[in-house]
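Asker: Sharing a sequence plus its predicted fold:
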Amino acid sequence: MKIVIYGATEIGCLLATEFFEDHDITIIDKEENRAKELANLDISFVSGNASNIEVLKNADIKNADIFIACSGIDEANIVACLSAKQFGGVRTICFVSKEEYKNTLNFEKNSENYGNFFIDYIIWPEELLTQEIFRIVTVAQALDVENFADGRARLLEYKVKQNLPITGKKVKDCGFTQDTLMVGLTREGQLFIPNGETEILEGDKLIFMGTSHSLDILAGTFFHEKEVIKTVAIIGGGTVGRMLAKTLENLKIKTKIIEKDHERCEFLAENLTNTLIINGDGTNMKLLDEEEIGLADVVISITNNDERNLLCSLLAKQLGAKRVISRVSKVLNIPLFEKVGIDIAISAKNSALNEVKNDLQENGADILATVEQGQGEVIEILTPKEFDGKMIMEIKFPARAIIGVMQRRNKVIIPKGNTEIHSGDVLIIFTTAENAPKIKEFFVCA
């Protein structure tokens, strides 16, 4: 597949790094913006602005399958995508940073009179980040939460803390709840798929898939005792902070926002009905103490500055906050945040990268989610007729993978070894990113 990327930004470099081994990549940007890391990749670079037709021609846009506009300027991305559309069949993906642009462009696309004047896919990373944080916040102690089958099945990730009853036990001896499968384990930063003989150690991060009901029981039995999220403190009242507070209000969760800018506080007060707005600096220890940040069930630091988020998060931990989530702008900073004790470090760019990866999927397989900074993937595959009547234990994958969930019409099944597969079943499979291509190919070539 030929992919043209407009913008040698961090997300542009992430996309190029992710796809260059399997696809023909061309990046368009001004020469002075060319990132050093691009020099080590087998890609083409075209100097110029992608809204210029001649520059697009130099990038061989007429033979491109995908055009991704991810420069730092919304308007430039929009014009570049519309310009690329003039060359025919290329699929356009446009990154925007403003809600109004996403709403307007989606409206134009859905209009009966759009003609060829539309963009195929609009990605607003802040919206994706808000959705991801919201999923995590609403499940006590979870490090990651993904929903499948209209919420009837889930993926949950938990950290093994001191004195948990499963510490030191083998997986087969833990007695995890029915309709629950442990599909992944991360130890010292490395994800692998466990088996029954795998011993669980303190500090491990465990990934489970199962029905939503069974995972609720699992969480209450092994990781917390009927803990309910009642209070959330948000440091940073930008777009993500506002959207997140709005969704938390709908769940009747007591929410407060600490925002440094006075005018922004006035805006938030006008647009939020049940959220306490505090005008102050989230790095001020005295203010955090006075506002009893340490008593919040969850503290979320989501300013647009990594250093500030790290400091705010560490102060919240020092004051006794149970769980701290921190926004990370630079993806490379995520391991640093986790090393110094931040419970969950999360990036809008990673969320956006996953969206693009899923949009580019071929061979009838979709990526439903990624975990552990892309080390693991949850993929969805429609069962080919060649597998009709086979039991799970009879399927010999070419690499380690676990079928975590099966959907059969309106029924959700958590399979066992003797579960029979029917043609047309939707399989939700967990595997490592390294092995995912082999698993997809296995079903395609069966």
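Answerer: Structure's in. What do you need?
Asker: For the rest of this, base every contact and every neighbour count on C-alpha atoms.
Answerer: Fine.
Asker: got a list of what the residue positioned nearest the centre of the chain touches?
Answerer: Among the residues of the chain, the one closest to the centroid is Ser351, at 3.8 Å (Cα atoms, centre = their mean). Listed by Cα atoms under 8 Å, 6 or more residues apart in numbering, the contact partners of Ser351 are 125, 128-129, 132.
Asker: And the buried ones among those, selectable in ChimeraX?
Answerer: Selection of buried members from the contacts of Ser351 for ChimeraX, criterion 16 or more other Cα atoms under 10 Å:
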select :125,128,129,132
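Asker: Restricted to strands, list the contacts of Ser351.
Answerer: Among the contacts of Ser351, none falls in strands (DSSP state E).
Asker: and of the contacts of Ser351, the nearest to Glu270?
Answerer: Compare each of the contacts of Ser351 with Glu270 using Cα to Cα and the shortest gap goes to Leu129, at 23.3 Å.
Asker: Okay, the closest residue to that closest one other than its chain neighbours and Asn354: tell me how far apart.
Answerer: Nearest residue to Leu129, sequence neighbours excluded (Cα to Cα, 6 or more residues apart in numbering): Ala348, at 5.0 Å. Plainly put, Ala348 is 10 Å away from Asn354 if you go by Cα to Cα, to the nearest Å.
Asker: Gly282 now?
Answerer: Gly282 is 30 Å from Asn354, by Cα to Cα.
Asker: More neighbours: the two, which one.
Answerer: Gly282 (26 against 20; other Cα atoms under 10 Å).
Asker: my read is the more buried one is in a helix, agree?
Answerer: No. Per DSSP: H, G, I helix; E, B strand; the rest coil, Gly282 lies outside any helix segment and is coil.
Asker: Pull out the buried residues from stretch 209-222.
Answerer: By 16+ other Cα under 10 Å, the buried positions in stretch 209-222 come out as 209-212, 214-219, 222.
Asker: between those, which is closest to Lys36?
Answerer: Of all these, Met209 has the smallest distance to Lys36: 39.7 Å, by Cα to Cα.
Asker: Isn't the closest one up against Arg154?
Answerer: Yes. In terms of Cα atoms under 8 Å, Met209 counts as a neighbour of Arg154; the distance is 5.7 Å.
Asker: phi, psi of the residue nearest to Leu129?
Answerer: Backbone torsions of Ala348, given as degrees, to the nearest 10, read phi -60, psi -30.
Asker: any idea which residue of this structure is furthest from its center?
Answerer: Residue farthest from the centre of the chain, counting by Cα atoms, centre = their mean, is Glu54 at 35.8 Å.
Asker: Contact partners for that residue?
Answerer: Counting by Cα under 8 Å, 6+ apart, Glu54 has no contacts.
Asker: can you start the count at 449 instead of 1 from here on
Answerer: With the count now opening at 449, the last piece we talked about shows up as Glu502.
Asker: Find me the pLDDT at it, would you?
Answerer: Note for Glu502: predicted pLDDT of 94.
Asker: what does Leu530 give?
Answerer: pLDDT for Leu530: 92.
Asker: Can I take it that it is in a helix?
Answerer: Yes. With three-state DSSP as the criterion, Leu530 is part of a helix.
Asker: Using the record's assignment, carve the chain into domains.
Answerer: Each domain of the chain is listed here as a residue range: 450-571, 677-798, 810-892, per automatic domain parsing.
Asker: Any idea which of those domains gets closest to Met630?
Answerer: Closest to Met630 of those is domain 810-892 (Cα to Cα; 8.6 Å).
Asker: what about that closest one, distance to the chain center?
Answerer: The gap between where domain 810-892 is centred and where its chain is centred comes out at 20 Å by Cα atoms, centre = their mean, to the nearest Å.
Asker: What average pLDDT does it get?
Answerer: The pLDDT scores in domain 810-892 average 90.
Asker: Could you point out which residue ranges in the stretch 449-598 of the chain have low pLDDT?
Answerer: Scanning the stretch 449-598 of the chain for pLDDT under 70 picks out 555-565.
Asker: all helices for it, in order.
Answerer: Remark: helices assigned in the stretch 449-598 of the chain by DSSP state H, counting those that start in this stretch are 458-467, 501-506, 522-533, 547-558, 573-585.
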